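Chemist: Sequence below, structure please.
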Amino acid sequence: MVDVLEGGDLKKWNCIYPAYINSNRSIKRGRRIPKEIAVENPTCQEIGDVVKSLGLRHEVQPKKHYTRELDRERWQLGRVKVQLLDSNGAPLHETIKSKGELMQYVATMIPKLKSRSAKGTDQQQASSSGKNKKKKGKK
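Modeler: Model (predicted):
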């Protein structure tokens, strides 16, 4: 998904990797926000959806990977480039003025996404259906 408009220099945009807001990561492995705010296993698509809802110019780059990622799992791949400042250095959004504020906002909004809530109900149903089955094995 690309939402790049004319006139933006992509190299000057801020980059957000899912590891920056992943609660399963330590600060040493790349987490950049407090663990209490961080989200469990975010994807670059979820980050892109939240940034899109803000109306900021962005580009989701699903093939890129964070250099501190030891395992190249499919759900860990990707990054989102976001333009936070205009050419004069003024913020493009009235409430989000820095990369840190953006990461914290994204982390608070990802659990509210429809895709996240659907995954949570699927996992709950799968775990509750498995409880009633009898285990087979040696006595």
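Chemist: where along the protein do the strands fall?
Modeler: For the chain, the strands defined by DSSP state E cover 2-3, 14-16, 58-61, 79-82.
Chemist: Compare the ones you listed and report which one is nearest to residue 24.
Modeler: In terms of C-beta to C-beta, the element of those nearest to residue 24 is strand 14-16, at 16.6 Å. (C-beta placed from N, C-alpha, C; glycine too.)
Chemist: what does that closest one contact?
Modeler: Outside strand 14-16, the residues that touch it by C-beta atoms under 8 Å, 6 or more residues apart in numbering are 47, 79, 80, 81, 82, 83, 84, 99, 102, 103, 106.
Chemist: could you redo the last one with a cut-off of 7 Å?
Modeler: For strand 14-16, contacts defined as C-beta atoms under 7 Å, 6 or more residues apart in numbering pick out 47, 79, 80, 81, 82, 84, 99, 103.
Chemist: give me the number of residues near the third one?
Modeler: To tie it back to what came earlier, the one meant is residue 80. A count of nearby residues for residue 80, using other C-beta atoms under 10 Å, gives 29.
Chemist: just to revisit the earlier point, could you dump the strands of the chain into a markdown table and include mean pLDDT?
Modeler: A markdown table is the format used below for the strands of the chain (pLDDT from 0 to 100):
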| stretch | mean pLDDT |
| --- | --- |
| strand 2-3 | 48 |
| strand 14-16 | 95 |
| strand 58-61 | 94 |
| strand 79-82 | 95 |
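Chemist: would TSV of the ones you listed with distance to residue 69 be doable?
Modeler: Putting the strands of the chain into TSV (distance: least, C-beta to C-beta, whole Å) gives the following:
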stretch	distance to residue 69
strand 2-3	23
strand 14-16	14
strand 58-61	14
strand 79-82	11
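Chemist: Output stretch 81-94 as CSV, nothing but the C-alphas.
Modeler: This file holds the C-alpha atoms of stretch 81-94, laid out as CSV (Å, rounded to 0.1, in the frame of the first residue of the first chain):
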residue,chain,number,x,y,z
LYS,A,81,7.7,5.7,6.3
VAL,A,82,5.7,8.7,7.6
GLN,A,83,6.0,12.4,6.8
LEU,A,84,5.6,14.3,10.1
LEU,A,85,7.1,17.6,9.0
ASP,A,86,6.7,19.8,6.0
SER,A,87,9.6,21.3,4.0
ASN,A,88,9.8,24.2,6.5
GLY,A,89,10.0,21.9,9.6
ALA,A,90,6.5,22.6,10.8
PRO,A,91,4.4,19.6,12.0
LEU,A,92,1.8,18.4,9.5
HIS,A,93,-0.5,17.2,12.3
GLU,A,94,-1.8,19.4,15.1
